[in-house]
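[1] here is my input, please return the structure:
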Amino acid sequence: MVSQIKQSSDLWDLEHYLTQRRKEIDRKYDYRYSQLTLVFGKLLRERRLGEEEVCGLRQDKLESIRFYARFLAESDAA
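    Below is the predicted model:
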């Protein structure tokens, strides 16, 4: 996108795009402790995270993560 900027007003389009991407990333990777099971569930559903990478967590946390990943998968299928 940067290479396609031809005039100074094009910078506003770039700024808007970058702001939107930052907001998407901030929502997706919410590292507050209370949100981690949801974040891990999303990442597990998207296959960006494998179950072996969360295997050290307590069983109740693993169940919550797996439940949310299944919920997302069923929502996507519907």
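[2] how near is the one residue sitting closest to the centre of the chain to Gln4?
    Among the residues of the chain, the one closest to the centroid is Lys28, at 2.9 Å (Cα atoms, centre = their mean). Counting by Cβ to Cβ, to the nearest Å, the separation of Lys28 from Gln4 is 26 Å. All C-beta atoms are positioned from the backbone trio N, CA, C, and that covers glycine.
[3] go on, Phe67?
    Using Cβ to Cβ, Phe67 is found at 44 Å from Gln4.
[4] compare these two and say which one has the larger neighbour count.
    Taking other Cβ atoms under 10 Å, Phe67 and Gln4 do not tie; Phe67 has more neighbours (12 against 8).
[5] burial count for the closest residue in space to the more buried one that isn't next to it in sequence?
    Excluding the flanking residues, the one nearest Phe67 by Cβ to Cβ, 6 or more residues apart in numbering is Gly41, at 7.5 Å. Using other Cβ under 10 Å, Gly41 has 22 other residues around it.
[6] many thanks, have a good one.
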